[in-house]
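Q: Model the structure of this input:
(one chain, ligands or ions: 1)
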Amino acid sequence: MKILIVEDEPSLRELMQRTLAGERHVVETAGTYAQAEEKLGTYSYDCVLLDIMLPDGSGLDLLKELKAHGRRENVIILSAKDSIEDKILGLEQGADDYLPKPFHLMELSARIRSVARRSRGGGQRGIVVGNVHLDPESFRVEVDGREVPLLKKEFDILAYFLQRPGHLVDKSVLAEAVWGDHADQADNFHFVYAQMKNLRHKLSEAGADIEIKAVYGFGYKLIENPRP
Ligand code: CA
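A: Numbers count the residues shown, from 1 in each chain. Here you go, the predicted structure:
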């Protein structure tokens, strides 16, 4: 998942970032209202962890703005104020969950998984396209029920494309989504090409009936190739 942490307290922000990155999430951070507004204006996320008391504004206003723009990010409010009003206001404004500080990091991880599961609407875990099944919780990929071992970035790339079959994805957009912070501004995209080559090789070896096709000059597109 791609997660934005909005938190002005540096040690807590870094601790959350390290923990969630260790759980294979792509994590970006903002320490102020203005930084968060800029990130959310440019990029989209699966989940936003939102502190309420920011030095230059209230997280609740940021939440209001997100909802006013019809954004789909899951939002979990993190609030030091042991205030029932904060909780009620946040949930009324469309936050998906509320976690009072101080919290245990394992609790945070569990809440993130739980809002993600709820927003997928329960049912079968993971994504299925053709004969490929990807489970984001166990980080398992199967082709025709047989596991295909993937490295972390290969897994992240595949997850990104499986959610967008048939869509042309620009390589800078892919770089930002999978590698995070400022990867879209890289001078070249050799790191994308290398991982993509390995992933395409593994899919084809495993007999997948999907293919991530290169569209010269633009990027990539996931297509289904049903086998006869
Ligand atoms: Ca704060």
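Q: just so I have it, where are all the helices in this protein?
A: Assigned by DSSP state H, the helices in the chain fall at 10-22, 33-42, 59-68, 84-92, 105-119, 152-162, 171-179, 190-205.
Q: Could you tell me which residues within the helix or strand of the chain with the lowest mean pLDDT count as buried?
A: In the chain, the helix or strand scored least confidently by mean pLDDT, DSSP states H and E is helix 84-92, which has a mean of 82. Using 16 or more other Cβ atoms under 10 Å as the burial criterion, the residues of helix 84-92 that qualify are 86, 87, 89, 90. C-beta here means a position set from N, CA and C on the backbone, and glycine is covered the same way.
Q: Now the last one: closest residue in space, sequence neighbours ignored.
A: Spelled out, it's residue 90. Residue nearest to residue 90 in three dimensions, not counting chain neighbours: residue 77, with 4.3 Å by Cβ to Cβ, 6 or more residues apart in numbering.
Q: can you list the buried residues of helix 84-92 in TSV and add distance to the ion?
A: Shown next, in TSV, are those (distance: Cβ to the ion, whole Å):
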residue	distance to the ion
86	12
87	16
89	16
90	14
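Q: who in this protein is up against the ion?
A: 8, 51, 53 (Cβ under 5 Å from the ion).
Q: Tally up the residues packed near the residue nearest to residue 113 when sequence neighbours are not counted, please.
A: Closest residue to residue 113 apart from its sequence neighbours, by Cβ to Cβ, 6+ apart: residue 137 at 6.6 Å. By the criterion of other Cβ atoms under 10 Å, residue 137 has 10 neighbours.
Q: Look up how far the ion lies from residue 137.
A: According to Cβ to the ion, to the nearest Å, residue 137 stands 30 Å off from the ion.
Q: Now that residue: phi and psi?
A: Backbone torsions for residue 137, taken as degrees, to the nearest 10, come to phi -90, psi -40.
Q: Hmm, residue 154 is touching residue 197, no?
A: No: look at residue 154 against residue 197 with Cβ atoms under 8 Å: they stay out of range, at 10.0 Å.
Q: what number of residues lie near residue 40?
A: Neighbours of residue 40 (other Cβ under 10 Å): 20.
Q: what sits against it?
A: Neighbour list for residue 40: 4, 48, 62, 65, 66, 71, 73 [criterion: Cβ atoms under 8 Å, 6 or more residues apart in numbering].
Q: Burial check on the fourth one, number of neighbours?
A: Put plainly, it is residue 65. 14.
Q: So for the residue lying closest to it once chain neighbours are set aside, what's the pLDDT?
A: In this structure, residue 65 finds its nearest non-sequential neighbour in residue 37, 7.4 Å apart by Cβ to Cβ, 6+ apart. pLDDT for residue 37: 96.
Q: for residue 168, same thing?
A: 94.
Q: Now for the closest residue to it other than its chain neighbours, how many residues are close by?
A: Closest residue to residue 168 apart from its sequence neighbours, by Cβ to Cβ, 6+ apart: residue 221 at 4.9 Å. By the measure other Cβ under 10 Å, the count of residues near residue 221 is 17.
Q: before we move on, back to that, now distance to residue 225 too, for the helices of the chain, in CSV please.
A: CSV is the format used below for the helices of the chain (distance: least, Cβ to Cβ, whole Å):
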stretch, distance to residue 225
helix 10-22, 34
helix 33-42, 34
helix 59-68, 38
helix 84-92, 45
helix 105-119, 30
helix 152-162, 14
helix 171-179, 21
helix 190-205, 10
